[in-house]
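A.B. asks: Predicted coordinates and the sequence they were generated for:
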Amino acid sequence: MNLRRLFFLGTLSLAALTAGCSSCEPTPVPFQSEAGHSETNAQQNTPAATPSFAAVDGNDLPEGTQTFSVEGSAVTVPGRSVRSVLPIDLDRDGDRDAVLVAVDAQGAAALLVASREGTSFRAATQLGAMPTTTPGCMVNRYALRHFSAHFVLATLTETCPEGTMAMPQPYVIVSVGGTPSIRERFTLIASTREGAERAQISFRAEDKDGDQNEDLLVDVQITPVDLPDAAPLTLTYFDRPSGLARDTHEPEATLLRLMAETRARAHRNDAAFAAAAARRVAALHSTICRESGESRLRVGDAIGLVCGASAAAGSAGVTLVKIAAASNSAREALTVAERLANPGYTLTRADRTALDAAMAQLHSDEDVRLITGPSVSVVAPTEARLSALAFSADGRSILVRGTSPLTFDLETQTASAADAGAEDIRIYDVSHTFSIADIHRNCEGYALGIVRGDGLAVGAVADALIFPAPPPQGAACPLSRALRQDDGDFIVLGWAPQGVVVTRDDKTYVVPIGENGQPLGPASQLAQGMPAPAPLTPGAVSANGHAYVTASSIGFFVTIAAPNARRLFLRPSEWSSLPGEVSAAAVSEDAMQVAFVKGGKLYVFTRQSAGETH
């Protein structure tokens, strides 16, 4: 079995390339503990100078060790295997006590302290549990590091079988400035997004408020792949008797400063720097702040800092929309613009004006000619149903599925009743034995719900995994009903003989399903430009798998397979005058026509370019 190792970075500078990492070194980036620790904006006293401190690493012990020696005195921990020991003078009496990590017979690890009394040690007492490990993985090392007078870091690393996604492992901060206690756990959840920013974290301590106690400083750096330097962002946690309390001026103060520098460089026509710097601000905010809805940071049991509405992140987002719109990158502009509608972002009047102007700058990649059809009633779209629209094989007519199905002839522009059965929008296998109930999240990732062909809940057959993902942090398995409803933005295009065809963004996946409705193996991602397996029931995807269309609030994205592989942003010039929202869309087999329903009315547009070759 191939193994991938996770290496502990003993310098406390913990860096990772977070793109596509399934079982890498856990790289925590801290943020305020939202559970039981208060934030503070209190005025700070004059900081006291912090003497230099030489960090000390603990000693690794062989598995099975129950007795060890500190300065000639034996320490025994019955019934546990001691894996790491840090000799340290906890009570300031001139001789060294011990902080240790020990594992019981069930494999549960805990932090303990053993206090010296004269020439012997008292029985070790437990401070708290170490993080749980990933099922199927082995702990490679438990490590302790005394990195300041008042703080010790405890962590672990794992060795996992290839293909196993390691759980994000917290880094545990232990206070040793008085009565030893676990102060906090910090975690950075690895990103599976391609091209994700490099993330780095380091811990240090300094008396920031002049109370003669060291406070915990967490230096966070996130660097876009196209920007060589990483701007530091320091989060301060004041060490109070009740626990760590975050200074809530950050991260916003640093983000605002970075955006001010970005605007200054943009005014000097340094567009490349402005783009990368805005991405860095956006990445810091989305990684750290709960309001972004994308936070990968965890302190204790809380995911994401409560940052409040961010003007800096709002300004960074507008900058990114402007840059995307300038190159007519409609998908990127739309993604960021939709994120800015989140209440976690604040936009100034100037920002809103700039955002509207940038979105208005987007234009169709090709000219299209629009035909207006009749008013129609269609079923509200879902991620696991056929589109309410479908082109005929020759592209001369459109089927409108639903409670009152009809066929619209594009040449005569007349409508007539459709054949029986056109009201059914469920997606079936070739034999009509099974259908797709939904896309949902389970403890393994995002999955298709396969049911009997009649679609009854009692006919549930299997979950077929589309995309692996660990369960949400803190979630118990099986997931709650609310968490299961997360579809991950996946959309089912159809069910071909080779399997169910699913898309997200510009990626297409095939989930193989056997004749018994059970998955035959893991889903596979089609190579870029490769057509989907066919035949498929036409709708949002063409029957030949050559093209598919996805609708948005600003127009349509048509993905076309080789030999003329491309992704087009298309919308008619009349778009802004068409009322209502899009409720269905379809593409023709030659990818030259798109039909859609907007505001209860059927429309069809034709691309005004040379025909496709396929």
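C.D. replies: Arrived safely.

A.B. asks: what's the spacing between residue 549 and residue 595?
C.D. replies: 9 Å (CB to CB, to the nearest Å). For the C-beta atoms, the positions are set from N, CA and C on the backbone; glycine is no exception.

A.B. asks: does residue 133 really touch residue 156, like I thought?
C.D. replies: Yes: between residue 133 and residue 156 a contact is recorded at 7.3 Å, counting by CB atoms under 8 Å.

A.B. asks: Which of these two has more residues huddled nearby?
C.D. replies: The neighbour count for residue 133 versus residue 156, taken as other CB atoms under 10 Å, is higher for residue 156 (23 against 18).

A.B. asks: now the helices for the protein?
C.D. replies: Assigned by DSSP state H, the helices in the chain fall at 252-267, 271-288, 311-326, 330-340, 349-361, 481-484.

A.B. asks: Let me have the ones you listed in TSV, adding mean pLDDT, mean neighbour count and distance to residue 88 as columns.
C.D. replies: Shown next, in TSV, are the helices of the chain (pLDDT from 0 to 100; neighbours: other CB atoms under 10 Å; distance: least, CB to CB, whole Å):
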stretch	mean pLDDT	mean neighbour count	distance to residue 88
helix 252-267	84	17	33
helix 271-288	85	23	31
helix 311-326	94	24	41
helix 330-340	93	20	46
helix 349-361	95	14	51
helix 481-484	92	12	42
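
A.B. asks: can you tell which of these is closest to residue 106?
C.D. replies: helix 481-484 (27.8 Å; CB to CB).

A.B. asks: by contact count, what packs against that closest one?
C.D. replies: Helices and strands in packing contact with helix 481-484 are listed as strand 434-441; criterion 3 or more CB pairs under 8 Å, 6 or more residues apart in numbering; DSSP states H and E.

A.B. asks: what about the strand it packs on, distance to the chain center?
C.D. replies: Centroid separation for strand 434-441 versus its chain: 22 Å, with CA atoms, centre = their mean, to the nearest Å.

A.B. asks: again with stretch 239-258
C.D. replies: Its chain's C-alpha centre and that of stretch 239-258 lie 24 Å apart, by CA atoms, centre = their mean.

A.B. asks: okay, how far is it across that stretch, tip to tip?
C.D. replies: One end of stretch 239-258 sits 28 Å from the other (CA to CA, to the nearest Å).

A.B. asks: With stretch 567-584 instead?
C.D. replies: This stretch, stretch 567-584, spans 19 Å end to end (CA to CA).

A.B. asks: tally of neighbours for the nearest residue to residue 441 once chain neighbours are set aside?
C.D. replies: Counting by CB to CB, 6 or more residues apart in numbering, residue 486 is the residue found nearest to residue 441 once chain neighbours are left out, at 4.3 Å. Residues contacting residue 486 under the criterion other CB under 10 Å number 15.

A.B. asks: So residue 111 sits against residue 101, correct?
C.D. replies: Yes: Residue 111 lies in contact with residue 101 (CB under 8 Å); the separation is 6.0 Å.

A.B. asks: Need the overlap of contacts for the two.
C.D. replies: Both residue 111 and residue 101 are contacted by 130, 154, under the criterion CB atoms under 8 Å, 6 or more residues apart in numbering.

A.B. asks: more neighbours, these two?
C.D. replies: Between residue 111 and residue 101, counting by other CB under 10 Å, residue 101 is the more crowded of the two (28 against 23).

A.B. asks: so what's that one up against?
C.D. replies: Residue 101 makes contacts with 82, 83, 84, 109, 110, 111, 112, 130, 142, 144, 154, 156, as judged by CB under 8 Å, 6+ apart.

A.B. asks: Low-confidence regions, this protein specifically.
C.D. replies: 1-51, 163-169, 190-197, 224-231, 266-270, 454-459, 473-474, 610-614 (pLDDT under 70).

A.B. asks: longest strand of it?
C.D. replies: strand 151-161 (DSSP state E).

A.B. asks: what's the neighbour count on residue 115?
C.D. replies: Residue 115: 15 neighbours (other CB under 10 Å).

A.B. asks: I'd guessed it sits against residue 91; true?
C.D. replies: Yes: the pair residue 115 and residue 91 passes the contact test of CB under 8 Å, sitting 6.7 Å apart.

A.B. asks: List the residues that are in contact with both of the two.
C.D. replies: By CB under 8 Å, 6+ apart, residue 115 and residue 91 have these common neighbours: residue 97.

A.B. asks: Who does residue 593 form a beta bridge with?
C.D. replies: In this entry, residue 593 is beta-bridged to residue 606, by DSSP bridges.

A.B. asks: List the contacts of it.
C.D. replies: Contacts for residue 593 (CB under 8 Å, 6+ apart) come out as 391, 395, 587, 604, 605, 606, 607.

A.B. asks: Please list only the buried members of those residues.
C.D. replies: Among the contacts of residue 593, those classed as buried by 16 or more other CB atoms under 10 Å are 391, 395, 587, 604, 605, 606, 607.

A.B. asks: right, and out of these, which lies closest to residue 239?
C.D. replies: Nearest to residue 239 among the buried ones among the contacts of residue 593, with distances taken as CB to CB, is residue 587, at 60.2 Å.

A.B. asks: Residue 594 versus that closest one, what's the distance?
C.D. replies: Using CB to CB, residue 587 is found at 5 Å from residue 594.

A.B. asks: got it, and residue 55?
C.D. replies: From residue 55 to residue 594 the distance is 62 Å (CB to CB).

A.B. asks: who has more neighbours, these two?
C.D. replies: Looking at residue 55 and residue 594 with other CB under 10 Å, you find the greater number of neighbours at residue 594, namely 28 against 13.

A.B. asks: The more buried one contacts residue 604, correct?
C.D. replies: Yes: contact status for residue 594 versus residue 604: in contact at 7.2 Å, counting by CB under 8 Å.

A.B. asks: you'd agree residue 478 is up against residue 442?
C.D. replies: Yes: contact status for residue 478 versus residue 442: in contact at 7.1 Å, counting by CB under 8 Å.

A.B. asks: Looking at the two, which is more packed in?
C.D. replies: Neighbour count, other CB under 10 Å: between residue 478 and residue 442, residue 442 has more, with 18 against 11.

A.B. asks: so how far is residue 465 from that one?
C.D. replies: Counting by CB to CB, the gap from residue 442 to residue 465 is 8 Å.

A.B. asks: circling back: distance to residue 204 for the helices of the chain - can I get that in JSON lines?
C.D. replies: Putting the helices of the chain into JSON lines (distance: least, CB to CB, whole Å) gives the following:
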{"stretch": "helix 252-267", "distance to residue 204": "16"}
{"stretch": "helix 271-288", "distance to residue 204": "18"}
{"stretch": "helix 311-326", "distance to residue 204": "24"}
{"stretch": "helix 330-340", "distance to residue 204": "33"}
{"stretch": "helix 349-361", "distance to residue 204": "35"}
{"stretch": "helix 481-484", "distance to residue 204": "37"}
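
A.B. asks: Which among these is found nearest to residue 302?
C.D. replies: The nearest among these, by CB to CB, is helix 271-288 at 12.0 Å.

A.B. asks: got the angle for the closest one vs helix 252-267?
C.D. replies: 160 degrees (axes from the mean of the first three to the mean of the last three CA atoms, to 10 degrees).

A.B. asks: Quick one: distance of helix 271-288 to the chain centre.
C.D. replies: 17 Å.

A.B. asks: hmm, back to that, of the contacts of residue 101, closest to residue 387?
C.D. replies: Top of the list for closeness to residue 387, among those and by CB to CB, is residue 156 at 48.9 Å.
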